[in-house]
Structures are given as C-alpha cells and as structure tokens.
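1. Mind folding the following:
(chains A and B)
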There are 2 protein chains.
Amino acid sequence: MRATVLHAPGDVRVEEIDDPRIIEPTDAVIRLTAACVCGSDLWPYRGAEPVDGPMPMGHEYVGVVEEVGSEVATVKPGQFVVGSFVASDGTCEICRSGYPSSCVHRVFMSQVGTQSERARIPWADGTLVATPGVPDSDLIPSLLAASDVLGTGWFGAVAAQAGPSRTVAVVGDGAVGLLGVLAARRLGAERVVIFSRHETRQRLAREFGATDIVTERGDEGVAALKELTGGLGAHSVIEAVGTQQSMQQAIRSTRPGGHIGFVGVSHDVSLNGQELFFSQVHLHGGPAPVRRFLPELIDLIWQRKIDPGRVFDLTLPLDQAAEAYRAMDERRAIKALLTP
Amino acid sequence: MRATVLHAPGDVRVEEIDDPRIIEPTDAVIRLTAACVCGSDLWPYRGAEPVDGPMPMGHEYVGVVEEVGSEVATVKPGQFVVGSFVASDGTCEICRSGYPSSCVHRVFMSQVGTQSERARIPWADGTLVATPGVPDSDLIPSLLAASDVLGTGWFGAVAAQAGPSRTVAVVGDGAVGLLGVLAARRLGAERVVIFSRHETRQRLAREFGATDIVTERGDEGVAALKELTGGLGAHSVIEAVGTQQSMQQAIRSTRPGGHIGFVGVSHDVSLNGQELFFSQVHLHGGPAPVRRFLPELIDLIWQRKIDPGRVFDLTLPLDQAAEAYRAMDERRAIKALLTP
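-> Presented below is the predicted three-dimensional model:
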C-alpha cells in the first residue's frame, strides 16, 4: 500500500510499504477514508525531533474496518470508525479513570503511521468508536478532526475548566487552539480571547465563537489580556503551542486560582518553579485522552451542532503529502487533509 | 518591644524595635501569645535567600487584639485571634474565589515580622479569625499551627485532592509534610504514605495517620512507592519541600491523571516541560490560602478533633530565638514555638 514516510527533516515521500495485518487478537485493520497532517508532525519534519531512519507518518484517522482480531468485540468489518491518536486498552485503571492516553498499554499511533491507505489499530475495542452509520461525505473532515485536534482542543478546554461565567484565553491559533475556542464556547464560556495575528485564523476563531482577539505576544500579550480582564488575567487558559514562550505566556495570562490546560506538545520548555509557585495556577495537560470525549464529540458532529472540520483549508490526494507538509510548515494552510 | 531580627545568614538576634501601631484604618495590633519558627524562615537564615540589612522575622502568630483601626468590623480588642501568614483584604475577586494568599492587596506577614511581642496585622477583617473564646493553654500550639503549617499542609492535601479511596504520598517530613498527613486522613484518604528516614518524624507521621513509610529518596523512593501502588503511583501527592529533587520526586510519584499539591516554597526549581506534559498530572500549589480554611481548622482544634500542635517539639522564650533557629536548621527540632 501507499504510505507517507519521512526520510529526513523536510524529506517526506509517499511510497509503497507492506500492507498492515492483524498481529494481536485485539487489533483491527482499517481502510482510511481520510488522513491529515498535524502540527506535531512538523516537529520531526523541521528537525526539532530526531529522525532515525525512514519513519511512517501520521496519527489521525477515520475509515472503514476491514478486519478484526479474534478478541475484538465492539467494532466489526464494514463499520465506519473514528479513533484516538493514542491506542488504549480501555480496561486498565488509568483508562477507567479517564486517561486512556496514558493507558499502561498505550501505543502512540504516530509509531504506527496513518497517512496511508490502511492502518493497523492496536486495542481496537479501547480505541475505536463506530459512528451511527456511514457518514455523509461532508462530515468526514469533522470526524477526522475528532481523532486528535478537536479532541485535544476539547481536553485543553476541559483541563482549563472552561465553563459558564469564566473568561478563557487561548494561546496558539493552529487547529488545536482554534478548536479550543470552539470547545470553550460549547462548554459555556461567555468570553473567549484568542492570541492571533493571522487574519484567516482570526476569522475562523470568530466563527468558532471567539469574542476577543489579542494580536500582541509574550508579555505584551499578557498585558493586553489583563487589560481585558480587570487586571487579573483569565480564569482559564488553553496552551496549544508547546514552546517556552507560549507556556510562559499561558502562566502569566492566568489569574491566581485559575486553570491552564496545556496541550501543545512541549519542546525545550523549562518552567521556573518559583514563578509557577507564586502564580498559584492549576496546571494540567499532556497528550489528550481523546477516547474519553469521542462518543460525545461524534454525537455533536453527527447532529451537526459543531463543524470542527472547518480547520481543514487544504485537501490533497495522499500522493501530494509532501506539499501538504510544506503548506503547513509555511503556515499557508491551517490543516491539510489527505485522501488516500 | 522585643523582636527577632535577622542581620545576616546565621545571625538571628532578639532586640528592641519600635512598637507597632495602627497605620491604616484596616489594621489591627495584636499582642502575641505565641510565635514560632517556620521551615521557610530557614531559607534566608541559611543564605539561600538574600538578606538585605536587618530583617524582622516570622509570619505565624496567635494572640489577643489590642487595638483596631477605624474600619475594622469583625474583630475587636480583647479577642483571641488566629490569622494567616498572608494578610488579605477578603473582598477582592481573588479572595472571594478562595485565593486570599494571592489577594490583590496581599501583605506577606514575613515582611512585617511576628516573632515579637506585638505585631501589626494589615487587613484585619480579611485576615484574622477570632476563636470562640479564650483558648485553654494546651490549645495554643495547635491554633498557632493553623496560622501556617497546618493551613499549608491542609491546602497541599486539598490541592492534591486527597480523599476517600485515594492513596496519598507526602514528600517532606517537616511540619508541613506531617500536617499534610493529618489533613489527608481528615479528608478521608484511606492510605497515606510518607517519605521519611527520620525516626521521630516517622513516629509523629504514624500518629497523624500515615499508613506507610518509605525511607528511600529520589527515583529509588519513586520505585518503592510504585511497588506499593500496583506500579501506577499515588493518586495524590503533597510536595512539602520545594527543591528540584522533591518536585521531581513528586511528579514521578503521581499516576497519570493524579494530583500534586505543591506547597514547599520553590527554590531553584526548574521543571522539564516534556516530563510534565507526559506525566499527565494536575499540578497546583503556591502560598496556601490559609484564611479559606481557618474557620474549619479552628473549629476542629477547638473541638479537640485534631492536635496539629504536636509538631512543636521545642518551646523556648522569645529571647532564645537564635537557639530555636539553630535547632531547626540542624533538624534537632521539627518546629520551635516561641513565647514572647
């Protein structure tokens, strides 16, 4: 089958690799209906993470089940499924406590690769959720978004305790940040401020429910936010970048006793203990437990109450994956969808 | 009046300074019944915090109100009061949200000094709580503990979400850690593990309700804790030291989705963003909002349901403050009480 493989920073190729097959009795193999490129795929693409030899890429996916292992009970061939970017057994104590992304048997799908025609999904029962039927094609992008960026933005908003009578600030205007805006509004936040200096993204943020835009960054951004919040900062801050500057901005944007949901994959970040101590914020984040939210998110999408698929502003055939990476790297696209 | 003054690291003296007086109409002046030395007083004493000229010491206090400013409404001369180590107005949005220690008008009592015969308490209405009457003398140490170490251990346990069916681990066997044990048990935790290699402290921890003691430290301590918790780590961890090693130990001792209450004043701590991200813990802490808990804590003490005063294992007259500092610095005493 054809699959996207990163050979070295900047060198993405679509090439023939072996077809996936059932290895464990808990596996499923799906045929992908759509895949996509994630902001976190850009880290190795940019050389900010090591690339040790050819690396199959991608961890977001929707598709149709082709085959299941003998122990798989909840999904069956022919069903359309959405899964989390982290496979999880669904039964361990950590999964049951709501943290499938830290499952004791977790498999990061980025180690499997899903920018391809087919994919093996470990722990199918604990990872996949079947949709009520075959989705209309216009729902595909939104269901695909649920696999990671929507689920991650949602977790960011939940971890930040976005909700009624709270002001939420969002650091990062990539797909996750934008969907953090959507999530914060759905969860009832009355005011949602996004830091963004990019017009297309600002527009989409407004559509998703942002009430205010701050174009300044760093400490100037913090000062502008404080101006909007009686000098105190936001109750809830979603951090959706993962750099030193963005984490610092998130901490300084949060009022004492407020909550930060940090979901940008952390790179070269070092937090000053004393600043964190005196900030008196709540900090929670990490790889989003997307599977926890999938049933609810699929339902919202199925009922057309949310349209997270709007973050995809570029659709290309799988063969043009290299261009999809370039467009996202150069910020010409917010998020690129690939059709296998 | 006589007061404890730090002149340079290691150089604590009790000397005559001006009597405090009402400066703001929201002030009170109290006559101290008891004061004490805190683990955090040892940071400047040890030279780990700068000492710029003579510095009045102490921030914990109980005593009798002598005089109040014209705007003070809730306490009056003659009442016995307990107050937080951070003065707070009690009315700002941050106070009302439960974080008086980050009050927009807060005054750290360590900047005022309370190891003295009298003290000026700013924001008396927002800071002090009167006891139901004049306490029996055997209750004085416990009420004094409420002013900081009990309130801080309590906040650590609350921030760590100690409660029924949760295993709580406590990093640090100073007064705050030990009272974190007491708090965790009062809040319903069924299992409380303390890291300690000091026999006297282990004994007191057991009396306060610790069910397990781990004598190993650092990653060995983490491994021992994991052994006790099915390989997963504790649900709740109270960090009561404030060093790089203790914070790291706290993070690594917590299971994914678990909660850390960090209340040790952070010194030279730098947290690795990536480790924190993938740990998937909840992190919350800072200077404890003691005032939030004072009414409940005073009530528990008054009814003799808890006996936090047991952390005081040395009582000296104020004049011997220097010896109190030495005893704590050398870990000969857990906590020293001073009688003015």
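2. Near chain B, which residues of the stretch 1-150 of chain A are found?
-> Taking Cβ under 8 Å from any Cβ of the partner chain as the test, the list of the stretch 1-150 of chain A residues beside chain B reads A:Glu93, A:Ile94, A:Ser97, A:Gly98, A:Tyr99, A:Ser101, A:Ser102, A:Val104. All C-beta atoms are positioned from the backbone trio N, CA, C, and that covers glycine.
3. Tally up the residues packed near the fourth one, please.
-> If I follow you right, that is A:Gly98. A:Gly98 sits with 15 neighbouring residues when counted by other Cβ atoms under 10 Å in any protein chain shown.
4. Narrow the residues of the stretch 1-150 of chain A next to chain B to those in helices?
-> Of the positions in the residues of the stretch 1-150 of chain A next to chain B, A:Glu93, A:Ile94 sit in helices, assigned by DSSP state H.
5. Weed out the non-buried ones from the residues of the stretch 1-150 of chain A next to chain B.
-> A:Glu93, A:Ile94, A:Ser97, A:Tyr99, A:Ser101, A:Ser102, A:Val104 (16 or more other Cβ atoms under 10 Å in any protein chain shown).
6. could you dump these to JSON lines with pLDDT?
-> Formatted as JSON lines, the entries for those read as follows, by pLDDT from 0 to 100:
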{"residue": "A:Glu93", "pLDDT": "98"}
{"residue": "A:Ile94", "pLDDT": "98"}
{"residue": "A:Ser97", "pLDDT": "98"}
{"residue": "A:Tyr99", "pLDDT": "98"}
{"residue": "A:Ser101", "pLDDT": "98"}
{"residue": "A:Ser102", "pLDDT": "98"}
{"residue": "A:Val104", "pLDDT": "98"}
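7. Among those residues, give me the pair with the biggest separation.
-> Between any two of those, the greatest separation by Cβ to Cβ is 14.2 Å, found for A:Glu93 and A:Ser101.
8. what's the average pLDDT for the helix or strand containing A:Pro141?
-> Counting by DSSP states H and E, the element that carries A:Pro141 is helix A:140-146. Mean pLDDT, computed over helix A:140-146, is 98.
9. In strands, which of the buried ones among the residues of the stretch 1-150 of chain A next to chain B fall?
-> When those are checked against strands (DSSP state E), there are no matches.
10. In terms of distance to B:Ala73, which of the residues you listed ranks first?
-> Scanning those for proximity to B:Ala73, where the rule is Cβ to Cβ, the winner is A:Ser97, at 46.3 Å.
11. these two touch, right, that closest one and B:His259?
-> No - at 11.6 Å, A:Ser97 and B:His259 do not qualify as touching, with contact defined as Cβ atoms under 8 Å.
12. Compute the number of surrounding residues for A:Met328.
-> 23.
13. residues in contact with it?
-> Applying Cβ atoms under 8 Å, 6 or more residues apart in numbering or on different chains, one finds that A:Met328 lies in contact with A:Val37, A:Gly39, A:Asp41, A:Leu42, A:Leu314, A:Ile334, A:Lys335, A:Ala336.
14. Tell me the buried residues in the helix or strand where the fifth one lies?
-> By that I understand A:Leu314. Using DSSP H and E, the element containing A:Leu314 is strand A:312-317. Of all the residues in strand A:312-317, those buried under the rule 16+ other Cβ under 10 Å are A:Phe312, A:Asp313, A:Leu314, A:Leu316.
15. On the strand side of things, show who A:Phe108 bridges to.
-> A:Val86 (DSSP bridges).
16. tally of neighbours for it?
-> Counted with other Cβ under 10 Å, the burial measure for A:Phe108 works out to 12 neighbours.
17. Next: the one 10 residues further on.
-> A:Arg118 has 20 neighbouring residues, counting by other Cβ under 10 Å.
18. Also A:Arg304?
-> Every residue meeting other Cβ under 10 Å relative to A:Arg304 is counted, giving 11.
19. if we can go back for a sec, can you list the contacts of A:Met328 in JSON lines and add pLDDT?
-> JSON lines is the format used below for those (pLDDT from 0 to 100):
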{"residue": "A:Val37", "pLDDT": "97"}
{"residue": "A:Gly39", "pLDDT": "90"}
{"residue": "A:Asp41", "pLDDT": "94"}
{"residue": "A:Leu42", "pLDDT": "93"}
{"residue": "A:Leu314", "pLDDT": "97"}
{"residue": "A:Ile334", "pLDDT": "93"}
{"residue": "A:Lys335", "pLDDT": "96"}
{"residue": "A:Ala336", "pLDDT": "97"}
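20. if you look at the residues you listed, which of them are in strands?
-> Taking DSSP E, the ones among the contacts of A:Met328 that sit in strands are A:Leu314, A:Lys335, A:Ala336.
21. So in terms of bridging, what pairs with the first one?
-> Okay, so that is A:Leu314. When assigned by DSSP bridges, A:Leu314 has beta-bridge partners A:Ala336.
22. right, and it touches A:Leu338 too?
-> No - in this structure, A:Leu314 is not within contact of A:Leu338 by Cβ under 8 Å, at 9.5 Å.
23. So for these two, which residues contact both of them?
-> Shared between the contact lists of A:Leu314 and A:Leu338 (criterion: Cβ under 8 Å, 6+ apart) are residues A:Ala324.
24. Tell me who's in contact with the most centrally placed residue in chain A.
-> With the centre of chain A defined as its mean C-alpha position, the nearest residue by Cα atoms, centre = their mean is A:Val149, 2.4 Å away. Applying Cβ under 8 Å, 6+ apart, one finds that A:Val149 lies in contact with A:Cys38, A:Glu60, A:Ala175, A:Val176, A:Leu179, A:Pro308, A:Val311, A:Lys335.
25. now do 10 Å
-> Going by Cβ atoms under 10 Å, 6 or more residues apart in numbering or on different chains, A:Val149 touches A:36, A:38-40, A:60, A:85, A:174-180, A:240, A:263, A:288, A:290, A:308, A:311-312, A:334-335.
26. A:Leu300 too?
-> Contact analysis of A:Leu300 by Cβ under 10 Å, 6+ apart lists A:Ser142, A:Ala146, A:Leu150, A:Trp154, A:Leu182, A:Arg186, A:Phe293, A:Ile306, A:Asp307, A:Pro308.
27. For the fifth one, which non-adjacent residue is closest in space?
-> With sequence-adjacent residues excluded and distances taken as Cβ to Cβ, 6 or more residues apart in numbering or on different chains, A:Leu182 is closest to A:Phe208, at 4.1 Å.
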